[in-house]
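J.: Could you look at this predicted model? Sequence included:
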Amino acid sequence: MKSLTPPCALLTLTALLAAPASAQWSTELLSVSRTSPTATSAGDLAFIAGGRAGNVAIATVDIYDDASGVWRTPETLPAGPRNILAATAVGRYVLFAGGSISPTASTDIVEVYDTQTSTWLAPGALSQARFAVAAATIGDIAMFAGGALGGPGNVLAASDVVDLYDSSLGAPSDPAAWSTATPLSVACAHMAAATVGDQVVFAGGLDLVAALADVDIYDASAGAPSDPAAWTTAALSEARVLYQHASATVGALALFGGGIVSSSPPAMSDVVDIYDATTGAWTATALSSPRTLVAAAALGNTVLFAGGVNASLAASDVVDVYDAGTGTFGPLAQLSIPRYESAAISVGGRAMFAGGSNGASNFRRIDVFEPLGVGYCSVNANSTGQRAAIGATGGASVVANSFGLEASDLPIGSFAYFLTSRTQGFVVAPGGNQGNLCLGGAIGRFVGPGQVQQADGAGAIALQLDLSIQPTPTGPVMVSAGETWSFQAWYRDSVGGAATSNFTGGLAVRFRQ
């Protein structure tokens, strides 16, 4: 399969920037065990809703607040339990649409959570009761496309309907704020949806007979959703049924991973189709192994394709890690428990894979991928010919207080120390320095006992921080959950026998409770 190849200019730019920060995996727990929940985010909040335990639908909504780093007291869908429902957010509203309420029936209810008041509002309604709907938001409009009529144990028909809620026209309970768009080109359920730039892409799915390669693309710059001229069609490189969490967006790219090609005999897909909204071009690459019911989430330039059902019909713990900046897959990661039909969501600096099943059990487990900071700012080479890098160790929890810094590729034996500020900046060659100062505002220096160090034989230093005494020019302060602090290392160097100094790149870290 063809891989996405970045232009040379992008590779050059990547080489000039600070090295990527280290990352860690951790686990947390949902309030109840379940498989096939849905998830969406609104601002600092992530919502994981519904699902099922066995054949019993669930009404629980778990809410993670990234600003404080805590899970709120769980909410309950007001109209009761639902499985295979759709979720998206528009403005202040989080919408939970459709879903199955029993093995033979689905609902048209659209539950509405107001993030400004943290309350449930009067519901809206889809034009048809259905489940396995694909949801996405573009601007003021939430779109709910396709789906299946009936219930998962008694599917009556696939739908081509695209319901629209326009938040500029009123609250979700106002029928005047609802309409329908141009129908999909093919009636289908179990599509994946992605918003990328001015476009919404609905891809793959099932027409209740066979897997589909059909793609419907709405371009908001070309007209309203009711205008057929604003819609175009395309095709995936392989027909397959895509789970609702099988897509992710990075910049101008929408990625659709894995899926099931045929259920009899079982045939899984390893394809990742990649759509570039700026050019309209499609390329493809491949997962490490064919899987369906994969959960995909993007964080920065990284896209994670987690778990699923493999070709042996077993739950998988494999996480494929794709770098959209280079168009390549890196080393595999691993979920804490093999499972499929997890919800995937990114919020703040975290990607979370929640719930799921291995066929015998449903899980509360949430696997959390959390980079320890985001590298930024350009870096100049030092006397070794290398660009010194900064990274982090431990974790970003202020309660655990295990956070540390490390700098590498320094000249051996050079004196160095770390700097910090709540403000980023960019100053070229300050005071004759050979590098760039990436901090602004009130800059603190780690120059206390034992904090000024000499680079070891590998050209590295490391410092374990105490987050209760973060240095500032006016005295130490305590780091609070929700704050973002930036870090950089300064070090001595010499050029042509003349003494000078240089900097690593910057590292921005958002701390949590």
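T.: Perfect, thanks for sending it.
J.: what about the strands in the stretch 351-500 of the chain?
T.: 363-371, 374-376, 389-393, 404-408, 415-421, 423-428, 436-440, 444-445, 453-454, 461-464, 484-495, 498-503 (DSSP state E, counting those that start in this stretch).
J.: Pull out the CA atoms of the fifth one and give them to me as PDB.
T.: What follows is strand 415-421, C-alpha atoms only, in PDB (Å, rounded to 0.1, in the frame of the first residue of the first chain):
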ATOM      1  CA  PHE A 415      27.500  23.700  32.800                       C
ATOM      2  CA  ALA A 416      23.700  23.900  32.400                       C
ATOM      3  CA  TYR A 417      20.500  24.600  34.200                       C
ATOM      4  CA  PHE A 418      16.800  24.800  33.400                       C
ATOM      5  CA  LEU A 419      14.500  27.800  33.000                       C
ATOM      6  CA  THR A 420      10.800  28.100  33.400                       C
ATOM      7  CA  SER A 421       7.900  30.500  32.800                       C
END
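J.: got the contact list for it?
T.: Counting by CB atoms under 8 Å, 6 or more residues apart in numbering, the neighbours of strand 415-421 from elsewhere in the structure are 405, 407, 410, 439-447, 451-455, 461, 463, 470-471, 485-492. To be clear about C-beta, it is placed using only N, CA and C from the backbone, and glycine gets the same treatment.
J.: Show the average pLDDT along it.
T.: Regarding strand 415-421, the rounded mean pLDDT is 98.
J.: Now do it and strand 484-495, the angle between them.
T.: Calculated by axes from the mean of the first three to the mean of the last three CA atoms, to 10 degrees, strand 415-421 forms an angle of 150 degrees with strand 484-495.
J.: From T504, how far out is G496?
T.: Distance check for G496 against T504: by CB to CB, to the nearest Å, it reads 22 Å.
J.: Comparing these two, which residue is more hemmed in?
T.: For G496 and T504, the more surrounded residue by other CB atoms under 10 Å is T504, and the numbers stand at 33 against 6.
J.: how close does that one sit to C438?
T.: Per CB to CB, T504 is found 8 Å from C438.
J.: Next, show the common contact partners of those two.
T.: Any residue near both T504 and C438 by CB under 8 Å, 6+ apart counts here, and that gives Q488.
J.: any idea how far A462 lies from A481?
T.: When CB to CB is applied, the distance between A462 and A481 equals 24 Å.
J.: Counting neighbours, go ahead and name the busier of the two.
T.: Neighbour count, other CB under 10 Å: between A462 and A481, A481 has more, with 18 against 14.
J.: Would you agree the more buried one is in contact with R510?
T.: No - using CB atoms under 8 Å, A481 makes no contact with R510, being 9.3 Å away.
J.: Could you turn the buried ones of the contacts of strand 415-421 into a PyMOL selection?
T.: Remark: buried members of those, expressed as a PyMOL selection using 16 or more other CB atoms under 10 Å:
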select buried, resi 405+407+410+439+443+444+446+453+455+461+463+470+471+485+486+487+488+489+490+491+492
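J.: where exactly do the helices run in the stretch 1-150 of the chain?
T.: Using DSSP state H, counting those that start in this stretch, the helices of the stretch 1-150 of the chain run over residues 8-16.
J.: Count the neighbours of G475 for me.
T.: When neighbours are counted by other CB under 10 Å, G475 registers 8.
J.: then stretch 379-390 to PDB, C-alphas only?
T.: In PDB, the C-alpha atoms belonging to stretch 379-390 read as follows (Å, rounded to 0.1, in the frame of the first residue of the first chain):
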ATOM      1  CA  VAL A 379      16.900  25.100  18.000                       C
ATOM      2  CA  ASN A 380      20.400  25.900  16.700                       C
ATOM      3  CA  ALA A 381      23.200  23.400  16.600                       C
ATOM      4  CA  ASN A 382      26.000  23.600  19.200                       C
ATOM      5  CA  SER A 383      29.700  22.900  19.000                       C
ATOM      6  CA  THR A 384      29.000  19.100  18.800                       C
ATOM      7  CA  GLY A 385      27.000  19.700  15.600                       C
ATOM      8  CA  GLN A 386      23.800  18.500  17.500                       C
ATOM      9  CA  ARG A 387      20.700  20.400  18.500                       C
ATOM     10  CA  ALA A 388      20.200  20.100  22.200                       C
ATOM     11  CA  ALA A 389      16.800  18.700  23.200                       C
ATOM     12  CA  ILE A 390      14.600  18.900  26.300                       C
END
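J.: Check which residues of that stretch are buried.
T.: Buried-residue list, stretch 379-390, by 16+ other CB under 10 Å: 379-380, 382, 387-390.
J.: starting at the chain centroid, how far to it?
T.: 31 Å (CA atoms, centre = their mean, to the nearest Å).
J.: Check stretch 425-443 too.
T.: 32 Å.
J.: Please shift the residue numbers so they start at 351 in all later answers.
T.: OK, 351 is where the count begins now, so the last one is stretch 775-793.
J.: can you tell me the distance between the two ends of that stretch?
T.: 10 Å (CA to CA, to the nearest Å).
J.: which residues are in contact with that stretch?
T.: Applying CB under 8 Å, 6+ apart, the set of residues contacting stretch 775-793 is 726-730, 732, 769-774, 822-824, 836, 838, 843, 845, 850-856.
J.: Recalculate using a threshold of 6 Å.
T.: Outside stretch 775-793, the residues within contact range by CB atoms under 6 Å, 6 or more residues apart in numbering are 727-728, 730, 769, 771, 773, 822-823, 836, 838, 850-853, 856.
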